[in-house]
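**Q** Below: sequence and its predicted model.
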Amino acid sequence: MRSEFTVAVHCLALLAYLPDHRASSELLAHNVSTNPTRIRKIMSTLKKSSFVKTKEGIGGGYELNCQPAEVTLAEVYRAICGGTLKPHWSSGNPEEKCLVSANMALVMDGFFREAELHYEEYLERNTLQTVLERLRQCQQKTARGETHIHE
């Protein structure tokens, strides 16, 4: 899986946490701990999917264009990097006479397709609001001196 999904959720969560505020790519990059160019690329994809909108010029930046409780993590995942559980390289060679070499890529592709479906089903049950709630749980547990969130 590519890290763009995590970066996208992070940016959306920050925008949801700061409603009625715009955030520059520099501010988002600083918060995510990455570079503004990477943020702009990801935010461009989020804008195409209508999760965010932008305002140009002084005081401009990115603004949330959705309701956190209505956006599932599966929607964000599909917009940013759906289908990335499968690696780009497969072992074996379909031209070989060996049963293992000739069929390993096909068998593994099936596992990755099934895993992708299960992963998206799980993400479908969670929203951007879920992320905000878990962030608040972290804050509460930190205030009490706890270090882990227990589900």
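**A** Arrived safely.
**Q** I'd like the distance from whichever helix or strand Thr142 is part of to the chain centre, please.
**A** Thr142 belongs to helix 128-143 when elements are defined using DSSP states H and E. Averaging C-alpha positions (CA atoms, centre = their mean, to the nearest Å) puts helix 128-143 17 Å from its chain's average.
**Q** How about the contacts made by the residue nearest to the spatial centre of the chain?
**A** Centroid-nearest residue in the chain, with CA atoms, centre = their mean: Phe5, separated by 2.3 Å. Counting by CB atoms under 8 Å, 6 or more residues apart in numbering, Phe5 makes contact with 76-77, 80-81, 84. No exception for glycine: its C-beta is placed from N, CA and C like everyone else's.
**Q** Flag the shaky bits of this structure, pLDDT-wise.
**A** 1, 147-151 (pLDDT under 70).
**Q** try 50
**A** 150-151 (pLDDT under 50).
**Q** Check it for its longest helix and report it.
**A** helix 99-124 (DSSP state H).
**Q** For it, which residues meet the burial criterion?
**A** In terms of neighbour count (16 or more other CB atoms under 10 Å), helix 99-124 has its buried residues at 104, 116, 119-120, 123.
**Q** Same check on stretch 67-87?
**A** So stretch 67-87, judged by 16+ other CB under 10 Å, has buried residues 68, 71-82, 85.
**Q** How about stretch 55-66?
**A** 61-64, 66.
**Q** how near is the residue of the chain positioned farthest from its centre to Ser91?
**A** Taking CA atoms, centre = their mean, the residue of the chain most remote from its mean C-alpha position is Lys97, at 40.8 Å. From Lys97 across to Ser91, the span is 16 Å (CB to CB, to the nearest Å).
**Q** go on, His10?
**A** 33 Å.
**Q** quick one: which of these two has more around it?
**A** His10 (19 against 10; other CB atoms under 10 Å).
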